[in-house]
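In: After the sequence you'll find the predicted model.
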Amino acid sequence: MQITITSENAGAVIDSFGAELHSLKDNLGTEYLWQADPAVWKRHAPVLFPFICNTDSKKYTYEGQVYSLANHGFARASEFELVSSDCSSAEFLLRSSAETLKLYPFEFELRIGYKLSGNKLDVSYTGRKIKLNYDPKGCIAVWSSYFEDKAITEQAKFVCLEPWSSVPVYCDKEENITKMPHAIRLSPENEYVFAYSIEIG
């Protein structure tokens, strides 16, 4: 199924098979996307998931089990569900299934959103979605737990996003606190603000 979205300056066509962009034209009808000439290359703009390229053997292992995937994974050859659409945007969804678990042993939701605004096409790739906005004066740490005991690892399924006001002290390699280059220094009566916000959905 092909979905057309438009703006005041452009139009785009997305196919639910592979959630692949098939066309991007301006108001004069100029096409900006490769049109999949099978004599040269039969695709437009394929989605590569869960792997880009492949291993030399076309196989990989996870917890002692051997799995095999085609080059660039299976998303580009999968039918996506159309989750929502309006005149200028569309969102597509691919969920894990009994078939994908034979190739890639993880449950997932892959959401691909297209939005036209003026002459700009925004494309977003999401699993679950959370947006963390933090003060650019600081930095962010991203980590997840792993335990030798598989049962505990399964129980502790999380990804931690930590907005930090500065880099950790061990990055400075300096023990004199007055000389630490990333230390935040305030003169008397001054204040320092570091803020973040979380958007879910």
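Out: Received it, and whenever you're ready, just let me know what you need.

In: how about the residue lying closest to residue 165 once chain neighbours are set aside, what does it touch?
Out: Nearest-residue entry for residue 165: residue 194, 4.2 Å, with adjacent residues in sequence omitted and distances by C-beta to C-beta, 6 or more residues apart in numbering. Any C-beta I mention is one placed from the backbone N, CA and C, and that applies to glycine too. For residue 194, the contact set (C-beta atoms under 8 Å, 6 or more residues apart in numbering) comprises 135, 137-138, 163, 165.

In: Of those residues, keep whichever come out buried.
Out: Among the contacts of residue 194, those buried by neighbour count (16 or more other C-beta atoms under 10 Å) are 138, 163, 165.

In: Just the closest of those residues to residue 70, please.
Out: residue 163 (38.8 Å; C-beta to C-beta).

In: how much space between that closest one and residue 71?
Out: 38 Å (C-beta to C-beta, to the nearest Å).

In: Also residue 105?
Out: 19 Å.

In: Contacts only, for the most centrally placed residue in the chain.
Out: Centroid-nearest residue in the chain, with C-alpha atoms, centre = their mean: residue 125, separated by 4.2 Å. By C-beta under 8 Å, 6+ apart, residue 125 lies in contact with 47, 110-112.
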